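J.: predicted coordinates and the sequence they were generated for:
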Amino acid sequence: MYRARVMRFNKNNMPNDDPQKNAKHRRELLRKAIKRNENKKRHSDKTTPVSANEIKKLRQQLSKYEKRVNSLQSQSKKSLQKCKAIKQENYRLRKENRESRLNTRQAEQESEQLKADFQKKLDALNLKNFREEKINNWLDQHKINDMENLTNYIDHLTDRYELISLLFQVQAEKNKDLFTNLMDQLKKNGKLLKEID
C-alpha cells in the first residue's frame, strides 16, 4: 500500500519524459489551486443577513450595557469620594487622639507634680504642728509666759532643739519685739548662736 501510494505520488507530481504532458499537468495543478483559492474566498465572503428586529435588539442591548457601564462608573466615583472623606476623617481622628494622649500625659504629669507639692505642704504642716506642740509643751514645762521669763531663761539654754523651738514659737506668734530681743540675746551669747542652722 505504501509502495502504491509512492508510485501514485510520483506519477502525479514527478515530471515525465514528454514535455507536453508536463506542461498540461502543471496547468491542471495551477487551475485546481486557483479554483481552491476562489472557493475559500467565496466561502469567507459569505455572511448571513441580519433582520431589522435583531439589529434593534442588539442596539437595545448595547444601550443597556452602556447605561450599566455609566452607572458603575458613577458608583465608583461616589465610592472614591466616600473613601477619600473616610480617610480625611480617620486622619482627623488620629490627630485628635494623638493630641488627646499628649494632653492626658501632660495632665498626669501636672497632677503628679500637684500631688507632690501637696504632700510636701502636708508634711511641712504636720511638722509645724508637731513642733508647735512640742514648743507649747516645752513652754508650759518651763513656765515661760512673758519677756522677763524668756530673758532670764536664755542664759540657761544649752539644748539645740530648745533654742530652735523658741525661735519657731516667736516666729509663729509674729512677735517682732520678742524676736528682736531674743536675737539680741543670742548675739551676746556666741555659743548659742552657733547652734542655729
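T.: Arrived safely, thanks for sending.

J.: which other helices and strands contact the longest helix along the chain?
T.: The longest helix of the chain (DSSP state H) is helix 52-142. Applying 3 or more CB pairs under 8 Å, 6 or more residues apart in numbering; DSSP states H and E, one finds that helix 52-142 contacts helix 160-173. In this view, the C-beta of every residue, glycine as well, is placed from N, C-alpha and C.

J.: one more time with 10 Å, if that's ok
T.: helix 147-154, helix 160-173 (3 or more CB pairs under 10 Å, 6 or more residues apart in numbering; DSSP states H and E).

J.: output the below-cut-off pLDDT ranges for this protein.
T.: 1-22, 41-50, 125, 127-197 (pLDDT under 70).

J.: walk me through the domains of it.
T.: Under the assignment automatic domain parsing, the domains of the chain span 60-120, 143-194.

J.: residues near V69, how many?
T.: When counting by other CB atoms under 10 Å, one arrives at 10 neighbours for V69.

J.: if I look at L62, how far off is K32?
T.: Distance, L62 to K32, using CB to CB, to the nearest Å: 45 Å.

J.: swap in L80?
T.: Applying CB to CB to L80 and K32 gives a distance of 64 Å.

J.: same check on I86?
T.: In terms of CB to CB, I86 sits 73 Å off from K32.
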